[in-house]
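S.K.: Kindly generate the corresponding structure for this input.
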Amino acid sequence: SELASLKKSELASLKKSELASPKKLKKSRDSLKKLEGEAGAAKSRLVDLLKSYDEKTRAFWHDVAPSFEKYLDTPKKDFSEVVLKNTLSGDTITLIKDTPIPDPNSVGVFFDIINNEHIRRKKGEEFTLKPDEKTKFKLIDISSTEAKIQDVATGTTSTLSKSSSPAP
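M.R.: Below you'll find the model as predicted:
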């Protein structure tokens, strides 16, 4: 359509006497064919440049993060993520945009029915239970429905479900 309008504008700019001359008419047609060829070549170069850019972009991101390619053909979604490292403990946590994760500083509150006391511990913290203070336990995971503790000496893991009745 742009080419057709180009032809029309070329023809409109010619004087009536020039239209009557077969030589000038042939020259105008040759000029239009030349322009069509140049436009086609320019379009081809642009397509090649875009392909090259896309390949270079893929190669760059593949060097940065090989797992990047799995995101290329997915629907547009923000996969922004950040890795945080606790400089004191060395623990790392990856935060992904719009994806909730458990807080690594979550606190578990347990009720020891034998000794009638609350035990409050952070994830990763060790604790003992009376009267056997030699056995150490570690809170290894916590969620809204359960907690996982580990016997430090044996490595045995136990899952404690959240009580349906509140502690006194």
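
S.K.: Quick one: the strands in this structure, in order.
M.R.: Counting by DSSP state E, the chain has these strands, from start to end: 81-85, 92-96, 107-112, 117-122, 126-128, 136-142, 146-151, 157-161.

S.K.: who wins for proximity to Y53 among these?
M.R.: strand 81-85 (25.3 Å; C-beta to C-beta). C-betas here are computed from N, CA, C, even on glycine.

S.K.: List the strands paired with that closest one, with their directions.
M.R.: Paired with strand 81-85 in the same sheet, following DSSP bridges, are strand 92-96 (antiparallel).

S.K.: Tell me where this protein is predicted with low confidence.
M.R.: Counting by pLDDT under 70, the chain contains low-confidence residues at 1-22, 24-25, 58, 61-79, 102-105, 164-168.

S.K.: what about the helices in it?
M.R.: For the chain, the helices defined by DSSP state H occupy 2-13, 16-20, 22-64, 69-72.

S.K.: that older thread, take the strands of the chain and write them to TSV, including distance to A42 and mean neighbour count.
M.R.: Listed next are the strands of the chain as TSV, based on distance: least, C-beta to C-beta, whole Å; neighbours: other C-beta atoms under 10 Å:
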stretch	distance to A42	mean neighbour count
strand 81-85	41	9
strand 92-96	43	11
strand 107-112	66	15
strand 117-122	65	14
strand 126-128	71	14
strand 136-142	61	18
strand 146-151	65	16
strand 157-161	67	11
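
S.K.: Out of those strands, the one nearest K51 is which?
M.R.: strand 81-85 (29.1 Å).

S.K.: follow-up on the earlier one: dump the strands of the chain to JSON lines, plus distance to K51.
M.R.: Shown next, in JSON lines, are the strands of the chain (distance: least, C-beta to C-beta, whole Å):
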{"stretch": "strand 81-85", "distance to K51": "29"}
{"stretch": "strand 92-96", "distance to K51": "31"}
{"stretch": "strand 107-112", "distance to K51": "55"}
{"stretch": "strand 117-122", "distance to K51": "53"}
{"stretch": "strand 126-128", "distance to K51": "58"}
{"stretch": "strand 136-142", "distance to K51": "48"}
{"stretch": "strand 146-151", "distance to K51": "52"}
{"stretch": "strand 157-161", "distance to K51": "53"}
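
S.K.: which stretch among those comes nearest E38?
M.R.: Closest of the strands of the chain to E38 is strand 81-85, at 46.9 Å (criterion: C-beta to C-beta).

S.K.: residues in contact with the closest one?
M.R.: For strand 81-85, the external contacting residues (C-beta atoms under 8 Å, 6 or more residues apart in numbering) are D91, T92, I93, T94, L95, I96, K97.
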